[in-house]
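Engineer: Here's a sequence, model it:
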Amino acid sequence: MTDFPGVSYVMPVLNEADYLGDAVTSILNQQYRGDKELVIALGPSTDGTNKVAQELAEADSRITLVDNPQGRTPIALNLAIRASKYPIVIRVDAHSELPIDYTERGVATLQRVGAHDVGGLMDARGRSAIQRAIAAAYHSKFGFGGPAYHSGAPEGEAESAYLGIFRREVFDEVGFYDENMWRAQDWELCLRIRQAGHKVWFDPELKVGYFPRDTFGALGRQSYASGTWRGEIARRFPEGKSLRHDIPPLLLAGVAAGAIALVVIPFTRDSAPRPVSVLLSLTASIPLVYAAASLFAGFSSKASGVKEKLLVAYAFPAIHLPWAAGYLKGRIFGAAGTFDKGRVK
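Structural biologist: Numbers count the residues shown, from 1 in each chain. From the prediction side, this is the model:
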């Protein structure tokens with residue numbers, strides 16, 4: 001491999017008309033001395049995305065379009081990888097923008113540490129007040145907890161990688177994305193890479209600008225799908241289980257029990273034995289404690305202004321509770337047929 005091998009960016013796209021142009025510009029403007037190409041796999045969008053993509057491809061010969069009629073992310077990625085040609089494959093997202101040195105830094109890290117997949121930080125940001133608040137919730141450890149690509153960690157080997165900068169030969173060795181994994185397909189691929197004896201590497205200097213969902217409804221639908229597929233991973237793979245994944249379901253159970261206790265208490269105030277009354281009161285306090293913790297985390301976040309800090313506090317339950325419900329569904333019943341409806345228009 002040369003110091004500046006050619007790179008193939010692969011991008012799954014579905015209903016991204018408002019973001020695609022900026023994402024593509026950030027890719028083609030990369031300060032990198034090797035050859036570049038961008039392969040976009042177009043899903044069945046309904047918002048004019050495909051027209052935008054066609055105009056971009058007509059304006060720059062480095063862009064190739066492939067059809068992905070099923071619209072599923074792993075299928076899109078596999079189609080794009082197979083249509084690409086260079087020795088480095090870089091997964092990109094239409095909702096993301098790359099810093100100008102992302103490619104050079106990523107390829108250098110790949111070579112420096114002898115990894116087969118490298119990823120960095122998801123630098124969430126927003127255009128509207130709600131999107132900025134959701135982005136601030138992404139950055140908060142109260143929002144997503146442990147993943148290094150959200151809150152950062154020292155450079156080193158990792159379980160998975162955000163997006164991913166790959167040596168092409170790894171796909172020939174371990175296979176492509178699992179097309180039955182409608183979400184969490186990156187984690188499953190990284191598992192196979194690690195099982196083959198190769199490194200998956202986290203580099204905190206690699207930061208990708210990411211625009212999250214811009215409504216709480218879309219955020220909740222995304223969180224539910226993500227939780228469901230995380231539950232599927234925990235169901236399938238011993239390596240996919242973690243104690244931190246059990247915290248949101250416990251929170252959901254506590255909030256649900258607290259809501260029930262709040263309804264029951266007025267009817268049992270005079271008749272329930274004291275131990276039962278105390279237990280009901282303690283249980284009823286759980287939603288209030290969670291609301292207070294959300295407010296505290298919201299006002300401790302990087303959001304600016306009281307309004308956006310309150311919106312951050314509101315974003316936490318839109319992340320935690322649907323994720324927990326999805327996780328339980330995935331662990332018990334599996335995730336088959338569950339997909340993220342957050343960007344389906």
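
Engineer: Is the closest residue to R269 other than its chain neighbours within a helix or a strand, and which one?
Structural biologist: Leaving out its chain neighbours, the residue that sits closest to R269 by Cβ to Cβ, 6 or more residues apart in numbering is S277, at 7.5 Å. Yep, even glycine has a C-beta here, placed from its N, CA and C like the rest. Taking DSSP states H and E as the criterion, S277 maps to helix 274-299.

Engineer: Name the next helix or strand following that helix along the chain.
Structural biologist: Following helix 274-299 in sequence order, the next helix or strand is helix 306-333 (DSSP H and E).

Engineer: helices or strands next to that following helix in the packing?
Structural biologist: helix 129-139, helix 141-144, helix 216-236, helix 247-268, helix 274-299 (3 or more Cβ pairs under 8 Å, 6 or more residues apart in numbering; DSSP states H and E).

Engineer: ok, and what's touching the first one?
Structural biologist: Pointing back at helix 129-139 there. Contacts to helix 129-139, defined as Cβ atoms under 8 Å, 6 or more residues apart in numbering, come from residues 122, 124-126, 143-144, 150-151, 210-216, 219, 298, 301-303, 307-309, 311-312, 314-316, 319.

Engineer: for the chain, which strand is longest?
Structural biologist: Longest strand in the chain by number of residues (criterion: DSSP state E): strand 200-210.

Engineer: on that earlier part again, any idea how far D270 is from the residue nearest to R269?
Structural biologist: If you measure S277 against D270 using Cβ to Cβ, to the nearest Å, the figure is 10 Å.

Engineer: ditto for H198
Structural biologist: Distance from H198 to D270, by Cβ to Cβ: 67 Å.

Engineer: P12 too?
Structural biologist: 60 Å.

Engineer: unless I'm mixing things up, A284 is touching A256, no?
Structural biologist: No: assessed by Cβ atoms under 8 Å, A284 is found out of contact with A256, at 11.8 Å.

Engineer: out of those two, which sits in the more crowded spot?
Structural biologist: A284 (18 against 15; other Cβ atoms under 10 Å).

Engineer: List the contacts of the closest residue in space to that one that isn't next to it in sequence.
Structural biologist: In this structure, A284 finds its nearest non-sequential neighbour in A261, 4.0 Å apart by Cβ to Cβ, 6+ apart. By Cβ under 8 Å, 6+ apart, A261 lies in contact with 280-281, 283-284.

Engineer: between the residues you listed, which is nearest R112?
Structural biologist: Nearest to R112 among those is T283, at 53.3 Å by Cβ to Cβ.

Engineer: quick one, phi psi at R72?
Structural biologist: phi -80, psi 140 (degrees, to the nearest 10).

Engineer: burial of the closest residue to it other than its chain neighbours, as a residue count?
Structural biologist: Spatially, and ignoring its direct neighbours in sequence, R72 is nearest to W182 (5.7 Å; Cβ to Cβ, 6+ apart). Residues near W182, counting by other Cβ under 10 Å, number 22.

Engineer: try I40
Structural biologist: The number of residues packed near I40 is 29, by other Cβ under 10 Å.

Engineer: Give me the sheet partners of whichever strand or helix holds it and which way each runs.
Structural biologist: Taking DSSP H and E as the definition, I40 sits inside strand 36-42. Strand pairing for strand 36-42, determined by DSSP bridges: strand 7-13 (parallel), strand 63-67 (parallel).

Engineer: Contact partners for S26?
Structural biologist: 96-100, 209.

Engineer: Doesn't it belong to a strand?
Structural biologist: No: applying DSSP: H, G, I helix; E, B strand; the rest coil, one finds S26 to be helix, outside a strand.

Engineer: quick one: it from M11, how far?
Structural biologist: Distance, S26 to M11, by Cβ to Cβ: 11 Å.

Engineer: So for K345, what's the pLDDT?
Structural biologist: The per-residue pLDDT reported for K345 equals 47.

Engineer: and what of M1?
Structural biologist: M1 carries a pLDDT value of 67.

Engineer: again, but for D340
Structural biologist: 72.

Engineer: Against R213, how distant is the nearest residue to it once chain neighbours are set aside?
Structural biologist: Closest residue in space to D340, ignoring its immediate chain neighbours: A225 at 4.0 Å, by Cβ to Cβ, 6+ apart. Using Cβ to Cβ, A225 is found at 11 Å from R213.

Engineer: Of the contacts of S26, grab the buried ones for PyMOL.
Structural biologist: Buried residues among the contacts of S26 (16 or more other Cβ atoms under 10 Å), as a PyMOL selection:
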select buried, resi 96+97+98+99+209
